[in-house]
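S.K.: give the three-dimensional model of this entry:
(2 chains)
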Amino acid sequence: MTVARGLPALWSTLLGVPFGVGGAYVYLTDPSTVVPRQVGLPVVAFGLFVIVVGLYIHFVAAPDPPTMREGEEIVDTRNPAQRAAAAKTTVGFLFLLATGYLLFFTFLPYVYPMVTFVAGLYLLSTGLHTYWTNTLTTYYVTNQRLIKEYRFVSLVRQELPFAKVRGVEERKSVWEAVVGLGNVRVASGGGGTLEIVIRNIYTPTDFADEIRNLV
Amino acid sequence: MRCSRRAVLGAAGAAVGGSLLPGTVPARAQSADPAQFQYGPGHAGYRSGSVPADGVSTDWSFSTFAGLDQDTAPVAADGTVYLGATDGNVYAIDAASGDRRWAFDAGGEVRSTPAVVSGQVCVGGPNGTFLAIDAASGEQAWTFGFPEGKGSLNMRTTYVDKRIFLPGVFAIGAGADDAGGLWRSDGGGGLGVAYADGTVFAPDPDSNRVFAFGARDGSPRWRKRIGARNAYHAVPTVAGGQLYLVAVGRGGRTVLFALDAATGALQWKAPIGTQENAFSSPAVHEGTVVVGRAPTGAEEGSISNTEGEVVAFDTGTGEERWRATTAGGVIDSPSIVGDTVVVGSHGEDAGRLYALSLADGTPRWTQEFRDDVVGHTVGADGIYVTTQGGSVIGLSAAGGGGTTTTAPGNEPPDAGFSISEGEPAVGQEVTFDAAESTDPDGNIARYEWDLTYDGSGTPTFEEAGRVVRATYDDPGPVGQVLRVTDDDGATDVARGEVVVRDDGETPTSEVSPGDPTTETGTPDSGSGRRQRGFFTNDGGDSGALSNVFNLTVLGFLLSVAGIIHQMIRGR
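M.R.: Numbering: from 1, shown residues only, chains lettered A, B, ... in the order given. Modelled structure (predicted):
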């Protein structure tokens, strides 16, 4: 069994442990006479979820390289970078820390910690999702086609023969622009368009040019 | 056990052999007065008589409400033991039975060992005052206020024929009903002064000097620079024409200095050891000077509970004669009774009172106590010990009970109680349970409570029973005192406190600690939680939105579901 790249088990554990410890502390010590200690239970559960999924991804691993056709060879292999995921996760974690502070160290109405909770949980969740998805995604550029492979539970493989490519487009989301990453969208023409979006990669322009040269 | 940062008080009595001839009465001719610190005006610490040869046992134990901060020694006179306590009282305790005769509310901590002369108990009081209390009735005779409030809380008393000499140096003329200032010197602070041959001797930490003043008018006689700045803590001793002073130098090196009392000339100096502060005043008799050493404990400012010594030197040469190891630091000043040195010490598991041979320091017997020993006095019929926990303990020969009503050898009980709610709301019932009180050699016969103790004066025990309940109508801290009495009549007290909060306050996690045997309960998890709303805290919000547990569960569930859904779908 091939272990996933980037040590997702390690990073997921590092992210999940504070939730587990913090939630356990709240539940066991009941530090606040205002917030019930049962609040610690879902926090612990979330921490365990992060750790367990990280371990699963670590051992699920990215799929093996696709089988090459006759005369076909891999020109380039790209994996999504994790900068955007790290940025989202970090900001989300900070918002959740602010939630804990507002909840346990102040007596403000719940609306205040709820706002930071929603924002933090959304950012953390999208960051986690991005991180795990990127870990399980690999892009292959051969001399004949573009292949994207992704596997969480089941393998999903998309391929686009260069003969059918009608457009190569570069894009950057806000987060990608902040951290210096970008997307390349490679689309075929016609109805029922098949397109492959190569996300969170370094030097997207160079990658797009590489595709264009192969088209 | 941590010791108070304040040094041990000592009350020095100095007797002036006639106000007309202050400089002609030799020290030896002045009778030692047992109702003063170290039994005499020069604090020589010698008392004629003998101590029990085969050990002592506890006759009675009297508990003040001082908690862990008691640091004074008692004095005994006319069948009564007198003590100034940090609970704000001056006590008179029957020396035979341990019963309280009276308690005088001084209005603040009393950290001065009393001197009892001419039917008055003279003691330094709080807030820059000096008190005289009628020894028979416990009524205040007079109060002297120091000019500019300069009286130290830790002042030592030197009482000499209606003259009181206090560090500063202040000389007060004490009458039956009033007192007035006589003279005041420049220099001479510290904790106390010594008197001999018409001269008052006063160390001055601020200037590294020791001063000698004429007792009649405060005229300077001599001064001598010794030791390091702010180094003096122990009360000096003068005997046999020599002044003995313990000075802590740089690096904590402590030295015993012997100066000629007439001229201040240095006779010799001898190393005692290393310690941060010097509390123990030297005792002198028959060519031997004995002093205790109190090394610093693990915590800054504390006294060691594992190491201490009693050291004896030759008064003529300063040669060390013997050095005895004790269980912990010695802040008590030794007594020399006959040929025995009596001294108390700290200890990791128990404080101790030692009886050592004056000749070679050989231990003759050791008595253990629950708390560290901070002072003692040897009376006509017993030995009386003060512990840091605020107890005064009467001892007599082992196996003998004297005329006490407490069974000989009885161990006092150990009071303690739990509190169901440390931060109750106004009107919320609080349960106090004394189940953890124990008696090592018998049973607890009586539980008495003062559930509204304000921290000063004597508690009023109006409740009885092992478990009592109370509700409080006013917010703020409220003290409680438990007194337990065992089946032999010995007592012990424990203190606690709750902080009553009103409806508009946010509870905190702090509850003030009381006596070390008191434990406070943890906040009740079910009751007492304030209502916290979603938009406001006035209780008018939606119940569902105000349930933080539900909101937390919902949020995390949505997060997990969203992540799993997106990952299964892929992009």
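
S.K.: tell me where chain A is predicted with low confidence.
M.R.: A:1-4, A:32-34, A:61-62, A:189-193 (pLDDT under 70).

S.K.: any idea which residue sits dead centre in it?
M.R.: The structure's chain A has its C-alpha centroid closest to residue A:130; by C-alpha atoms, centre = their mean the separation is 1.4 Å.

S.K.: so that residue sits in a strand?
M.R.: No. Counting by DSSP: H, G, I helix; E, B strand; the rest coil, residue A:130 is not found in a strand; it is helix.

S.K.: mind checking the SS state of the residue lying closest to it once chain neighbours are set aside?
M.R.: Among residues not flanking residue A:130 along the chain, residue A:85 sits closest, at 3.9 Å (C-beta to C-beta, 6 or more residues apart in numbering or on different chains). The C-beta positions use only the backbone N, C-alpha and C, and glycine is treated the same way. Assigned with three-state DSSP, residue A:85 falls in the helix class.

S.K.: now do the one 3 residues further on
M.R.: Three-state secondary structure (criterion: three-state DSSP) places residue A:88 in helix.

S.K.: got the contact list for it?
M.R.: Counting by C-beta atoms under 8 Å, 6 or more residues apart in numbering or on different chains, residue A:88 touches A:123, A:124, A:126, A:127, A:130, A:175.

S.K.: from residue B:167, how far out is the third one?
M.R.: Here residue A:126 is placed at a distance of 73 Å from residue B:167 (C-beta to C-beta, to the nearest Å).

S.K.: which of those two has more residues huddled nearby?
M.R.: Each of residue A:126 and residue B:167 has its neighbours counted (other C-beta atoms under 10 Å in any protein chain shown); residue B:167 has more, 25 against 20.

S.K.: correct me if wrong: that one contacts residue B:191.
M.R.: Yes. Between residue B:167 and residue B:191 there is a contact under C-beta atoms under 8 Å: 6.2 Å.

S.K.: kindly provide the distance from residue B:81 to residue B:292.
M.R.: 22 Å.

S.K.: please say which of these two ends up with more neighbours.
M.R.: residue B:292 (31 against 27).

S.K.: gap between that one and chain A?
M.R.: Noted for residue B:292: a distance of 44 Å to chain A, by C-beta to the nearest C-beta, to the nearest Å.

S.K.: does that residue count as helix, strand or coil?
M.R.: Following three-state DSSP, residue B:292 is assigned to strand.

S.K.: pLDDT value on the nearest residue to it once chain neighbours are set aside, please?
M.R.: Among residues not flanking residue B:292 along the chain, residue B:330 sits closest, at 2.8 Å (C-beta to C-beta, 6+ apart). In the predicted model, residue B:330 carries a pLDDT score of 91.

S.K.: tell me the residues of the stretch 301-450 of chain B that contact chain A?
M.R.: Applying C-beta under 8 Å from any C-beta of the partner chain, we find that the stretch 301-450 of chain B lies next to chain A at residue B:423.

S.K.: now residue B:559, what are its backbone angles?
M.R.: Residue B:559 adopts backbone torsions of phi -60, psi -50, taken as degrees, to the nearest 10.

S.K.: was I right about it contacting residue A:126?
M.R.: No. Using C-beta under 8 Å, residue B:559 makes no contact with residue A:126, being 9.5 Å away.

S.K.: from the contacts of residue A:88, which is closest to residue B:101?
M.R.: Proximity of the contacts of residue A:88 to residue B:101 (C-beta to C-beta) peaks at residue A:124, which lies at 71.6 Å.

S.K.: now stretch B:495-504: buried residues?
M.R.: By 16 or more other C-beta atoms under 10 Å in any protein chain shown, the buried positions in stretch B:495-504 come out as B:495, B:496, B:497, B:498, B:499, B:500, B:501.

S.K.: go on, stretch B:342-359?
M.R.: Residues of stretch B:342-359 classed as buried: B:342-347, B:350-356, B:358 (neighbour count, 16+ other C-beta under 10 Å).

S.K.: what about the residues you listed, which are in strands?
M.R.: Per DSSP state E, strands hold the following members of the buried residues of stretch B:342-359: B:342, B:343, B:344, B:345, B:351, B:352, B:353, B:354, B:355, B:356.

S.K.: could you give the bridge partners of the first one?
M.R.: What that stands for is residue B:342. Bridge pairing for residue B:342 (DSSP bridges) gives the partners residue B:335, residue B:355.

S.K.: what sits against it?
M.R.: Shown in contact with residue B:342 (C-beta under 8 Å, 6+ apart): B:51, B:334, B:335, B:336, B:353, B:354, B:355, B:356, B:376, B:378, B:383.

S.K.: and the fifth one, by the same measure?
M.R.: For residue B:351, the contacting residues are B:327, B:328, B:344, B:345, B:368, B:369, B:370, B:371, B:372, B:373, B:387, B:388, taking C-beta under 8 Å, 6+ apart as the criterion.

S.K.: so which of these are in strands?
M.R.: Counting by DSSP E, the contacts of residue B:351 place B:344, B:345, B:368, B:369, B:373, B:387 in strands.

S.K.: can you tell me how far the spatially closest residue to the fifth one that is not a sequence neighbour sits from residue A:149?
M.R.: Leaving aside its sequence neighbours, residue B:373 sits nearest to residue B:344 (C-beta to C-beta, 6+ apart; 2.8 Å). Remark: distance between residue B:344 and residue A:149 (C-beta to C-beta) = 83 Å.

S.K.: residue B:435 versus the closest residue in space to residue A:160 that isn't next to it in sequence, what's the distance?
M.R.: Closest residue in space to residue A:160, ignoring its immediate chain neighbours: residue A:146 at 4.7 Å, by C-beta to C-beta, 6+ apart. Using C-beta to C-beta, residue A:146 is found at 78 Å from residue B:435.

S.K.: between those two, which is the more surrounded one?
M.R.: Legend: neighbour count by other C-beta under 10 Å for residue A:146 and residue B:435, higher for residue A:146 (24 against 11).

S.K.: next up, the contacts around the more buried one.
M.R.: Residue A:146 neighbours (C-beta under 8 Å, 6+ apart): A:139, A:140, A:159, A:160, A:162, A:165, A:186, A:196, A:211.

S.K.: name the helix or strand for the residue nearest to residue A:160, please.
M.R.: In this structure, residue A:146 sits in strand A:145-151 according to DSSP states H and E.

S.K.: what of residue B:173?
M.R.: In this assignment (DSSP H and E), residue B:173 forms part of strand B:170-174.

S.K.: tell me the helices and strands packed up against that strand.
M.R.: strand B:140-145, strand B:163-166, strand B:179-184 (3 or more C-beta pairs under 8 Å, 6 or more residues apart in numbering or on different chains; DSSP states H and E).

S.K.: ok, and what's touching it?
M.R.: B:120, B:122, B:130, B:132, B:142, B:144, B:146, B:151, B:159, B:162-166, B:179-184, B:200, B:215, B:218.

S.K.: only the buried subset of the residues you listed, as a PyMOL command please.
M.R.: Those of these that count as buried under 16+ other C-beta under 10 Å are selected in PyMOL with:
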select buried, chain B and resi 120+122+130+132+142+144+146+151+159+162+163+164+165+166+179+182+183+184+200+215+218
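
S.K.: the contacts of strand B:170-174: which ones sit near chain A?
M.R.: Of the contacts of strand B:170-174, not one also sits near chain A (C-beta under 8 Å from any C-beta).
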